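Student: Please find the sequence and the predicted model below.
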Amino acid sequence: MHRLLLWSDKTVKWEQGAAEWMMRSDWIKHHVRAGHITPNGLSYGRLVASTIINTHILTLFWQTGSFLFLSKSAVVVFPLYLFACITDMLDGAVARLYKEYFSDDERQHGINLDRHIDKLFTLPLLLFYWGSYAILNKYLILLSVLGDICATSLAIYAKRVECTIPSNNLGKAKMVSLCFCIGWIILGWSQNLLSVFLTVALTLGAVSLITNLKKAKRMKYPDIREFKTARN
């Protein structure tokens, strides 16, 4: 457990360091200060890229009736996917390094927006590519999808009862690992190594979810029946 936490901390530091290195660009600095680049704008850019990717894949499926073509679509999908990953890295760095340019409401909206777009960004791709992989990887991908659905459900419930569960490095490291796995899948590389990477991402996601559930219990969330009664 200690090694897992240490590894997740290092992964997050690497991701933040890479984003801050990209932020050294004078072009990016100029456009952030001018208001042309914002964290929420980057998130919406990721949403647009994800929509184009998903539309392209569904169009090919409509034409061929199969998802077995996916490895051949990498020339279109991977550049857009890489762009989406870069915006995911940069939105947090822009918010941290230039926080004086954004209001508290914008930052809070950005946090919620980022979480939901991340799911729209990764889950459809995992499901699309699910059918073209070996049985072990199918189960690992399915478990990753179910884990993300559980984490999203917990976040939505917490918001509805006006409680906030802060993100943790385990969850962030899981997202980095999952993005790496999806890139690996798009390029059609070794399935054996993919099993290892998916297992790492799944483990990080599971521990992050358990950690958040413990936080929820400590924060003494109201019983779900009481919440429904109060809402009605």
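Tutor: Done, it's in.

Student: which residue is nearest the middle of this protein?
Tutor: Closest to where the C-alpha atoms of the chain average out (Cα atoms, centre = their mean) is Asp118, at 3.5 Å.

Student: so which strand or helix has that residue?
Tutor: Per DSSP states H and E: Asp118 is located in helix 104-130.

Student: Check which helices and strands that helix sits against.
Tutor: Under the contact criterion of 3 or more Cβ pairs under 8 Å, 6 or more residues apart in numbering; DSSP states H and E, helix 104-130 touches helix 39-64, helix 74-97, helix 135-160, helix 169-187. Using the backbone N, CA and C atoms, a C-beta is placed for each residue, glycine as well.

Student: so which of the ones you listed comes closest to Lys29?
Tutor: helix 74-97 (9.1 Å; Cβ to Cβ).

Student: could you check the angle helix 104-130 makes with that closest one?
Tutor: Using axes from the mean of the first three to the mean of the last three Cα atoms, to 10 degrees, the inter-axis angle of helix 74-97 relative to helix 104-130 is 160 degrees.

Student: wait, what's in contact with Cys150?
Tutor: Cys150 sits next to Leu209 when contact means Cβ atoms under 8 Å, 6 or more residues apart in numbering.

Student: Could you report the pLDDT at it?
Tutor: We note a pLDDT of 77 for Cys150 in this prediction.

Student: Check Val48 too.
Tutor: pLDDT, Val48: 91.

Student: From Ile186, how far off is it?
Tutor: 18 Å (Cβ to Cβ, to the nearest Å).

Student: Which one's more surrounded, these two?
Tutor: Between Val48 and Ile186, counting by other Cβ atoms under 10 Å, Ile186 is the more crowded of the two (22 against 13).

Student: Now Asp88: closest residue in space, sequence neighbours ignored.
Tutor: Arg46 (5.9 Å; Cβ to Cβ, 6 or more residues apart in numbering).

Student: count of neighbours near that neighbour?
Tutor: By the criterion of other Cβ under 10 Å, Arg46 has 25 neighbours.

Student: and if you look at Gly205?
Tutor: Neighbour tally, Gly205, other Cβ under 10 Å: 24.

Student: Repeat that for Lys10.
Tutor: For Lys10, the count of nearby residues is 12 (other Cβ under 10 Å).

Student: With Asn192 instead?
Tutor: 10.

Student: Same check on Trp62?
Tutor: When counting by other Cβ under 10 Å, one arrives at 8 neighbours for Trp62.

Student: Ok, Lys29 next?
Tutor: 14.

Student: give me the element it is part of.
Tutor: In this structure, Lys29 is located in helix 26-33 according to DSSP H and E.

Student: Look up the closest residue to Leu47, ignoring the ones flanking it.
Tutor: Counting by Cβ to Cβ, 6+ apart, Leu47 lies nearest to Ile117, which is 5.1 Å off, once chain neighbours are set aside.

Student: What sits closest to Leu213 if chain neighbours are left out?
Tutor: In this structure, Leu213 finds its nearest non-sequential neighbour in Leu154, 7.0 Å apart by Cβ to Cβ, 6+ apart.
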